[in-house]
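Enquirer: Pasting the sequence and the predicted model now:
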Amino acid sequence: MAWSDLIVGNAWAQAAAPAANPSLGFTDFLPLIALVAVFYFLILRPQQVRSKELKNILGALQKGDEVVAVGGLLGRVAKVGENYVGIEVADGVVINIQKNTIQTVLPKGTIKSI
């Protein structure tokens, strides 16, 4: 008997891997369903609520409101357009920014208190 017969013989003598259970039940998917639910309630839902609130705030924006832009720019709204807002950052200095860059509308008188 040659060495190659021993090696090949041993390879053929290995047992076949057990077959996987082809019937998956509902309980097998419960961890995945729970993970998706946690992801929705902790990440997606709060983001949707914040987006809806910001859309309402931007829709109600009017001249004289005090706002903070995303970059930290603080000023008073001088003019409101469809896509752009003019913000007065100092006396007589008005800059135009995109409306969707407004992060927060502050209570009246906040700029004077800073």
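Expert: Received it, and whenever you're ready, just let me know what you need. Numbers count the residues shown, from 1 in each chain.

Enquirer: Could you check how far residue 113 is from residue 89?
Expert: Remark: distance between residue 113 and residue 89 (Cβ to Cβ, to the nearest Å) = 17 Å. Where you see a C-beta, it was placed from the backbone N, CA and C, and this is true even at glycine.

Enquirer: so where's this structure uncertain?
Expert: Within the chain, the stretches with pLDDT under 70 are 1-22.

Enquirer: just the helices in this protein please.
Expert: Listed from the start of the chain, the chain has helices (DSSP state H) covering 3-12, 30-39, 45-59, 110-113.

Enquirer: re earlier: looking only at neighbour counts, state which of residue 113 and residue 89 leads.
Expert: residue 89 (15 against 7; other Cβ atoms under 10 Å).

Enquirer: Now for that one: which residues touch it?
Expert: Contact analysis of residue 89 by Cβ atoms under 8 Å, 6 or more residues apart in numbering lists 73, 74, 75, 95.
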